[in-house]
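Student: Provide a 3D model corresponding to the input given below.
(2 chains)
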Amino acid sequence: MATITLDKLTKRFGKQTAVKDLTLKIDENEFVALLGPSGCGKTTTMNMISGILKPDMGKVYFDEREMNDVPAGKRGVGFVFQNYAVFTHMTVYNNIACGLKVQKFPASDIDAEVIKAAKLLRIDHVLNTNAERLSINDMQKVALARTLVTKPEILLLDEPLSNLDAALRNIMRAELKRLHLELGQTTVYVTHDQVEAMSLADRIAVMNFAVLQQFDTPYEVYRRPKNLFVANFIGSPTMNFLKGTYRDGKIDLADFDQGIIPIPDTCRTPLEKKLKNEEVVLGIRPEHLKLDHTDGVRKSSLKANVVNLEPLGSETIVYLRPQGGVDNIIKSMMHSDYVANLNEVKTIGFNEEDLYIFDQGSGDLVFTF
Amino acid sequence: MASIRLEGINKTFGKNKALRNVNFQVEDGEFFCILGPPGAGKTTTLRIIIGLETPDEGKVYIDDEIVNSVHPSKRDLAMIFQNLALYPDKTIFENIASPLKRLKLDEQEINSKVVEVAKQLRIDWMLKKKPAQLSGGERQRVAIGRAIVRQPSAYLMDEPLSNLDSLLRLEMRLTLKELQTSLKETFIYATHDQVEALSMADRIAILDKGVLQQIGLPGEVYRYPENSLVATVLGNPSMNFIACRIKENKDKVCLIHEAFSAISDKDALSTDVLSSLNTGKDLMLGVRPEDITISLQKPTEPSVMGEIYVTEPLGNKTIVDVKLGEEIIKVIDGPSFKGEPAQTIWIRMNEAKLHLFETKSRKCVYHASEDYPVRIDG
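Tutor: Next comes the predicted model:
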């Protein structure tokens, strides 16, 4: 198993900068997700790791070895794409074995490896089936097994679950995670889906507009997003953002008539030290914005009218319009049996430790309680 | 304002049976969702209603009038597609006004109607812009504005939000729901996204392979699915199905699984279950991930022993994949769940929220309730 070091990678396509000055150190056995919207540079980054693309500047290392001039075929990486190319006229067995046959392994070794990989992915009961008769889920497993038998030190996965329907995606996600626990290859996983990144990765590299925004554990990117982009991209439904002004130990929220959030005295000095100007954005996640005040949640002076309820089965999203606000709608995630009438006035409650204060200009997180 | 009814609709494309005996009635002013995976027949259903396809068999009614032979343009329906075709060289105002110009209304009337619709959709400040200057969500609003400005009697929407990113989808869900509430018009909305269906619809029709599976209120189809397909389509992660053998024991019925057994009073069960007993059919126990709780220590109450397969922390919750015998089920737990793969844990299922499905027919034969729970023993 190998570490991957990306040192100040830059890649341009014509005038477009696809990846800008990216430095990332991926540990041995680590599962790292490259997460971002389309066009953020995540696939370009992966292609520079595999060797399909050469960086314009910067270096790629596997362990201590510089890889820039090593061709893709010699880098010892395994690849699985969104569109898995399985040979449909061949049996599952031959599909999995083909990589080893190319490398001229003895037949008995091939047999043992194929069966081992098939068992691991739980497709050993279809080894003699023609691949064309498989479900999409099993086909993706065949593509994975074929890559795994070649025992790559590094596994690169490019949106491998995007073509599966929601139920299968949920199942395969767990299977991939378990597989990584058992095999422990250093894995880089490209996705635009924050749920996949959160559930699978040891660490997530969030990218936007060619620039790395944050590289942290799932817990950290959820709990301590470095800026508004990360805060907005991680979590579903997305974080609520309320513009406001900080002055004399109080945040005055623009969307509310009674929008004063007092800052405790002990927090004033550290907050003021970090704050460059008065304009702030207050962030609070829907799951932390409470409308009933049963479990020790603090009430605020903020009042809002219920404008819509979305019962989603396992939970209900409540949409509210701040009293005094024009266009901003805030969301609260409540238990599935929560009921409220349209236009009902609600007093919003939250705990201070669930608030985020961002600088409106730079978008950076400046303070959490 | 219109009610729309399909009666015995069949439609075949070559060898492919797109719709098989589809019947439903959409009430006047109702938000009606057709939910199903790709290829279910959702688009074909909409195209038959609007008149772009002719059914092989069956009748289409608009307000109790058979419209099978009425030309699409005379059906007074509007359709909004996934790929919206705005005129790129025209302003937003001109785009919204285009259907009215065809109706040859006078300038002043057009003006007031366009402005009114634009205000309703909160796009009145961008009327002078061109489509290319707008975001995806704004463009979708313009397309909706163009459809509502001529006040058709019903709206058909085919996956209108699929091309938007998740943030805009959330926002548009609210916009559409508010719009329908204020217009009080009939909406028929096709989607593959269960969240859209649950969050917006008055009623949901679940369609699969051209066959209507169930029609009901969102809460109803979620809580009381009539078959395992409906149970799978609604909810994310979807319902767990655990294969069991069935055995009779005096006045009780036992479901046997390698990790546990489930017991139900015989008189609570339907004749369907009892006939499964006699014919030796296998059953599946259905349980939603949110109806299971996990303990890291053995609880005093009856519980089922399992092993953690993996954990998936999602920030606001954790999905725990649990191995019960050879099967893996998903459980939703809180954000701070602590447990490691291979660790032994105990699960408790909400006994009032279990379902029994016939394995082969996929039909739900029993919904447990507070009064008639299915008891689980470890």
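Student: please count neighbours and contacts with C-alpha atoms only from this point.
Tutor: Noted.
Student: how about stretch B:204-224, does it get close to chain A?
Tutor: Yes - among the residues of stretch B:204-224, B:218-219, B:222-223 lie within reach of chain A under C-alpha under 8 Å from any C-alpha of the partner chain.
Student: so what's whichever residue of the stretch 51-200 of chain B sits closest to chain A up against?
Tutor: The nearest approach of the stretch 51-200 of chain B to chain A comes at residue B:199, 4.3 Å away (C-alpha to the nearest C-alpha). By C-alpha atoms under 8 Å, 6 or more residues apart in numbering or on different chains, residue B:199 lies in contact with A:309-312, B:173.
Student: show me what from chain A comes close to chain B.
Tutor: Contact residues, chain A versus chain B (C-alpha under 8 Å from any C-alpha): A:166-167, A:170, A:174, A:177-178, A:195, A:198-200, A:218-219, A:222-223, A:235, A:237-238, A:287, A:308-314.
Student: in strands, which of those fall?
Tutor: A:308-311 (DSSP state E).
Student: now tabulate the contacts of residue B:199 in CSV and tack on distance to residue B:369, neighbour count and pLDDT.
Tutor: Output for the contacts of residue B:199, formatted as CSV (distance: C-alpha to C-alpha, whole Å; neighbours: other C-alpha atoms under 10 Å in any protein chain shown; pLDDT from 0 to 100):
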residue, distance to residue B:369, neighbour count, pLDDT
A:309, 26, 24, 93
A:310, 24, 23, 94
A:311, 21, 22, 92
A:312, 20, 23, 93
B:173, 32, 18, 91
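Student: which residues touch residue B:178?
Tutor: By C-alpha under 8 Å, 6+ apart, the neighbours of residue B:178 are residue A:308.
Student: now the strands: where do they sit in the stretch 251-378 of chain B?
Tutor: Counting by DSSP state E, counting those that start in this stretch, the stretch 251-378 of chain B has these strands, from start to end: B:252-256, B:261-265, B:283-287, B:292-295, B:304-313, B:318-324, B:327-333, B:344-349, B:355-358, B:364-367, B:375-377.
Student: what does the shortest one contact?
Tutor: Which is strand B:375-377. Residues contacting strand B:375-377 (C-alpha under 8 Å, 6+ apart): B:260-264, B:302-304, B:349, B:351.
Student: filter the residues you listed to the buried ones?
Tutor: B:260-264, B:303-304, B:349, B:351 (16 or more other C-alpha atoms under 10 Å in any protein chain shown).
Student: out of those, flag the one nearest to chain A.
Tutor: For the buried ones among the contacts of strand B:375-377, the nearest to chain A is residue B:349 (14.9 Å; C-alpha to the nearest C-alpha).
Student: chain neighbours aside, what residue packs nearest to the closest one?
Tutor: residue B:292 (4.4 Å; C-alpha to C-alpha, 6 or more residues apart in numbering or on different chains).
Student: looking at this, the residue of the stretch 51-200 of chain B closest to chain A is in a helix?
Tutor: Yes - according to DSSP: H, G, I helix; E, B strand; the rest coil, residue B:199 belongs to a helix.
Student: burial of the closest residue to residue B:265 other than its chain neighbours, as a residue count?
Tutor: Distances taken as C-alpha to C-alpha, 6+ apart put residue B:252 closest to residue B:265, at 4.8 Å, once the chain neighbours are dropped. Neighbours of residue B:252 under the rule other C-alpha atoms under 10 Å in any protein chain shown: 16.
Student: before we move on, what about residue B:119?
Tutor: Other residues lying near residue B:119 total 13 when counted by other C-alpha under 10 Å.
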